[in-house]
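**Q** Let me see the structure of the following:
(one chain, ligands or ions: 1)
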Amino acid sequence: MHARVGARGEILLGRNVVADGYAPRPVRVVTHAHHDHLRGLRRSIRHSLFIVATPTTLRFLEVLGYHVPPGKAVPLGYDRAVMIEDEVVRLLPARHIAGSAQVLVDSREYRVGYTGDFKMPGTLPMADLDILVLDATYGDPGRQRRWSDWQALAALVGLIERYAKRGPVWIYGYNGKLQEVMVELRKSGVTLPFYADARTVRLAHIAAEFYGVELRHVNVMDGGAPDESAVIFQHARLKSRLGRMPGTHVLLTGWEMRDVIVRTGPSSFNVSYSDHATLREIIEYLSESKPRLVVIDNYRGKDAILTARYIEKRLGIRALAMPAGSPSLG
Ligand SMILES: [Zn+2]
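**A** Reported below is the predicted structural model:
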């Protein structure tokens, strides 16, 4: 099979390429700088000939502590190609976090692709594929958000406008999502100062450059909370520790399916905002892409088998989950 998902979530494309996991192949592609797509990267840096990623992703990797030697790093802009033996490798835009890419591998005998993480609209579906490897994080037909991420952002802006007068608004999320939200808040006219730890701020400046937005008033938080109206960005895992600090606490989570905003305590809320496609967006992608076979990532997705059945029934496209029967670790 010319495209498959290995036992540790590595995406094997054609003969020479592995994406988002380790395999002894000459080319390791990093679709984006999220933790669950960086597994085995240090090993790949040692053993692979080339580490291919967008320039933004390579800059993120540096901040995250991965040193890719200049002789191995291949910064590949969107829609540019590199050739390895008889295979042409391209990165195409994916709307997810700054620098995210889809991967396309073309040869005379086959054409295969991997979406990486994505959402719609903003990700151009790859066409004429023999096999498409697809991310389906939210692939359970029974558990779906009923709103767009634009609506979730509007809800977040509303919360900030309402509660910032009473003290800082703390926003919790993952790397990538936090930086995207910083950019989106500035685009929505939120002018309050931003605070975050030094690494989050460095990543934010790289992301802002990618999105072409000036962040302004971003400060490194050292010590306690600022004593002014401000928005503080923190990693999601710190919510339980910081959640009692004065102010309003907002967790960004795509797993909140009840409503776009849900109050979870006297001064805390969930905002249902995600970096991943809903099942409706997945169907939108596939209706345009029409691959001959869809392989659903069953390593990162939780409901890949259900999703595969749904796609076959709804679109008549052959679909299977890989690796077969693996418990989700992501
Ligand atoms: Zn991701």
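
**Q** how about the residues of the protein near the ion?
**A** His34, Asp117 (Cβ under 5 Å from the ion). For the C-beta atoms, the positions are set from N, CA and C on the backbone; glycine is no exception.

**Q** which residues sit against the helix or strand of the chain with the lowest mean pLDDT?
**A** The helix or strand of the chain with the poorest confidence is helix 239-242; it has a mean of 90 (mean pLDDT, DSSP states H and E). Residues from elsewhere that reach helix 239-242 (Cβ atoms under 8 Å, 6 or more residues apart in numbering): Trp170, Tyr172, Gln234, His249, Leu251.

**Q** What of stretch 204-216?
**A** 56, 59-60, 63, 97-99, 176, 178-180, 182-183, 186-187, 191, 194, 196, 218, 233.

**Q** before we move on, the earlier item: parallel or antiparallel, list what pairs with the following helix or strand past the least confident helix or strand of the chain.
**A** Remark: after helix 239-242, the chain's next helix or strand is strand 248-252, criterion DSSP states H and E. Within its sheet, strand 248-252 is paired with strand 169-173 (parallel), strand 268-271 (parallel), according to DSSP bridges.

**Q** so Thr56, which of the three states?
**A** Following DSSP: H, G, I helix; E, B strand; the rest coil, we place Thr56 in the helix state.

**Q** Would you mind measuring from the spatially closest residue to it that is not a sequence neighbour to the ion?
**A** Leaving aside its sequence neighbours, Thr56 sits nearest to Gly99 (Cβ to Cβ, 6 or more residues apart in numbering; 3.0 Å). Distance of Gly99 to the ion, given as Cβ to the ion, to the nearest Å: 11 Å.

**Q** Gly99 contacts Ala53, doesn't it?
**A** Yes. Judged on Cβ atoms under 8 Å, Gly99 makes contact with Ala53 at a distance of 7.4 Å.

**Q** shared neighbours of these two, anything?
**A** With Cβ under 8 Å, 6+ apart as the test, Gly99 and Ala53 reach no residue in common.

**Q** Am I right that Arg59 is in a helix?
**A** Yes. Under three-state DSSP, Arg59 falls within a helix.

**Q** if I pick it, what's in contact with it?
**A** Arg59 sits in contact with Gly99, Ile206, where contact means Cβ under 8 Å, 6+ apart.

**Q** Would you reformat the strands paired with strand 248-252 as a markdown table and include distance to Val213?
**A** Formatted as a markdown table, the strands paired with strand 248-252 follow (distance: least, Cβ to Cβ, whole Å):
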| stretch | distance to Val213 |
| --- | --- |
| strand 169-173 | 17 |
| strand 268-271 | 20 |
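
**Q** Check the burial of the residue in the stretch 151-300 of the chain positioned nearest to the ion by counting its neighbours.
**A** Closest approach between the stretch 151-300 of the chain and the ion, counting by Cβ to the ion: Asp275, at 5.9 Å. Other residues lying near Asp275 total 22 when counted by other Cβ atoms under 10 Å.

**Q** Quick check: phi and psi at it.
**A** phi -100, psi 0 (degrees, to the nearest 10).

**Q** Quick check: it touching Asp117?
**A** Yes. Counting by Cβ under 8 Å, Asp275 touches Asp117, with 6.4 Å between them.

**Q** Quickly list what's touching both of those two.
**A** Counting by Cβ under 8 Å, 6+ apart, the common neighbours of Asp275 and Asp117 are His96, Ile97.

**Q** Domains in this structure, by residue range?
**A** 3-142+276-322, 149-271 (automatic domain parsing).

**Q** returning to what we had before: out of the strands paired with strand 248-252, which is the most enclosed?
**A** With neighbours taken as mean count of other Cβ atoms under 10 Å, the strands paired with strand 248-252 reach their highest mean count in strand 169-173, at a mean of 25.
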